[in-house]
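Trainee: when you get a sec, could you give me coordinates for this:
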Amino acid sequence: MRNRIDPRAPRSTPSARHDPHPRARRAFRAVTLAALGALAACAVLPEGLDAERERAAAASADYATPYPERALPELPPAPELLPLWARTLRAHGELESAWHAWQARLDAVTRAASFPNTNVELSAEHALPMEGRSAWDRTTLRAGFDPMQSLWGRGKLAAAGEAALAEARVAGERFRARRAELKRALVEAWIEWLAAREEARLVADALELEQLAVASRDARAGGGGEVALLVEARIAAGRARDEAARADVRDATRLAALNALLARAPDAPLEPPAAWPRRELALSLDALQTLAAERDPVRAERRAETDARERELVLARKEGRPDVAPMLGVVGSLETFVGASLSLPLNRQRVRALVAEARSALRAAEADARQAERDRRAALATAHRVFEDAERARALFADELLPLAARACDDAEAACAVLGSSTDEWIEVRRMQIEVRRVELEARVARELALAEIEEGLGTDLEGLAEETNHE
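Mentor: Below is the predicted model of the structure:
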């Protein structure tokens with residue numbers, strides 16, 4: 001649309017020019033420029049973006065603060081699991097990285113849904129001198145959009161925003177999955193270190209016992225006893241010394257692994273709690289499966305991935321629609337014009353390939369989600385079965401066999417003291433007692449590790465789950 005002034009009118013001086021609608025022309029230009037400026041600040045933000053941002057803010061463990069400036073919680077001398085977990089949340093780099101990736105995806109939503117999605121292009125042309133026209137009347141100014149990139153309309157921008165938000169939700173569920181993995185890794189490192197400490201004490205008791213056996217058989221060999229028994233005792237004592245050295249190494253390496261999660265020096269000292277940790281699980285397997293179907297972060301990540309691929313398919317289908325880009329221009333004081341350019345996606349093969357690619361990605365995501373559902377259900381059932389078996393074994397050894405071994409050891413010791421019998425029987429009973437203690441420790445470790453796997457599958461801290469159950 002052009003608003004022209006007759007070029008044949010006298011234009012020798014500025015006072016000779018005549019514009020029949022100067023105010024209307026100025027108002028039109030001002031309104032058009034204001035509209036372009038307003039469009040440049042628009043964004044078709046999808047519904048749910050604010051809620052996702054709130055989720056990210058709630059999940060942050062002060063990650064917005066640079067790490068050198070972040071204060072990490074101090075640990076008590078003999079910390080329980082909760083203080084260890086609070087420090088790990090704020091200190092672990094991979095979890096913080098996952099949170100920042102989530103935040104970056106959220107920031108990408110505004111970028112993807114902002115209008116215009118291309119740059120504004122300003123151009124100027126100046127014609128050669130001609131009779132009757134001033135320099136200004138020979139100047140053409142245009143304002144439009146970069147022709148190298150199509151200007152998307154509201155429909156495409158809305159689809160792009162939805163696709164970007166879906167990717168942000170994938171990043172959010174991935175953060176939850178990494179958080180659950182980290183909690184399991186912390187529990188495993190802590191339990192294995194506690195087990196190494198207790199195993200070292202058992203090995204020390206075994207070494208002391210084997211040294212006593214050597215002394216006993218050495219005395220008997222000096223009095224004409226069996227030399228072969230003395231050699232056997234010395235070999236057993238040597239093996240016990242080797243096992244004690246190995247136990248010290250296991251203790252140090254597992255403490256280093258735990259300290260790495262806590263952002264401490266590898267050899268930083270740490271004391272075990274007064275009592276062995278014992279977390280409870282009051283839900284049946286069916287209840288756990290129902291809860292995990294809703295909360296398992298791995299399954300939630302696969303579902304979010306499927307939704308993101310669906311959004312990409314919608315966006316790919318919109319690639320076949322034409323795009324329109326408006327423009328505005330003035331030619332000095334002679335005319336003002338507006339126009340539009342139409343971008344037609346004539347390469348239909350490209351559009352069909354985009355749709356086919358997006359559809360294949362969707363089917364791949366759906367297949368991953370189906371298999372993840374099966375795998376996670378099976379893993380949860382297996383972990384629950386291991387937990388029940390470990391609890392059975394722990395109860396058997398702790399409540400029945402350990403007291404029985406302790407009584408047998410007391411009886412053998414009394415027999416040595418009262419009847420003056422050989423210490424061999426007492427040493428053998430003590431060996432049996434140490435072995436029972438070792439198996440009972442293995443059952444305790446297996447129980448806690450199975451609970452850690454169940455906790456990961458639920459995506460919920462067992463402490464919070466216990467509070468929910470008590471509240472209900």
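Trainee: pLDDT below threshold where in the stretch 201-350 of the chain?
Mentor: 220-226 (pLDDT under 70).
Trainee: which stretches in it count as helices?
Mentor: Taking DSSP state H, counting those that start in this stretch as the test, the helices found in the stretch 201-350 of the chain are 227-261, 285-295, 297-318, 348-396.
Trainee: what's the burial count for the residue lying closest to Leu207 once chain neighbours are set aside?
Mentor: Leaving aside its chain neighbours, Leu207 sits nearest to Ala240 (4.1 Å; criterion: Cβ to Cβ, 6 or more residues apart in numbering). Using the backbone N, CA and C atoms, a C-beta is placed for each residue, glycine as well. For Ala240, the count of nearby residues is 21 (other Cβ atoms under 10 Å).
Trainee: ok, now which ones touch Ala240?
Mentor: Ala240 sits next to 203, 206-207, 209-211 when contact means Cβ atoms under 8 Å, 6 or more residues apart in numbering.
Trainee: could I get the helices of the stretch 201-350 of the chain as CSV with distance to Asn119?
Mentor: Listed next are the helices of the stretch 201-350 of the chain as CSV, based on distance: least, Cβ to Cβ, whole Å:
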stretch, distance to Asn119
helix 227-261, 47
helix 285-295, 45
helix 297-318, 21
helix 348-396, 23
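Trainee: between those helices, which one is nearest to Ala59?
Mentor: Among those, helix 297-318 comes nearest to Ala59, with 11.5 Å by Cβ to Cβ.
Trainee: pull the residues that contact that closest one.
Mentor: With Cβ under 8 Å, 6+ apart as the criterion, helix 297-318 contacts 155-156, 159-160, 162-163, 165-167, 169-170, 172-174, 176-177, 179-180, 292-293, 351, 354-355, 357-359, 361-362, 364-366, 368-369, 372-373, 376, 457, 459.
Trainee: filter those to the buried ones?
Mentor: 156, 159-160, 162-163, 165-167, 169-170, 172-174, 176-177, 179-180, 292, 351, 354-355, 358-359, 361-362, 365-366, 369, 372-373, 376, 457, 459 (16 or more other Cβ atoms under 10 Å).
Trainee: which stretches of this structure form strands?
Mentor: 2-3, 42-43, 114-115, 120-126, 139-145, 323-331, 335-343 (DSSP state E).
Trainee: now those strands in a markdown table, with mean neighbour count and distance to Arg217?
Mentor: What follows is the strands of the chain, written out as a markdown table (neighbours: other Cβ atoms under 10 Å; distance: least, Cβ to Cβ, whole Å):
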| stretch | mean neighbour count | distance to Arg217 |
| --- | --- | --- |
| strand 2-3 | 14 | 116 |
| strand 42-43 | 14 | 86 |
| strand 114-115 | 17 | 86 |
| strand 120-126 | 11 | 96 |
| strand 139-145 | 18 | 96 |
| strand 323-331 | 18 | 94 |
| strand 335-343 | 14 | 96 |
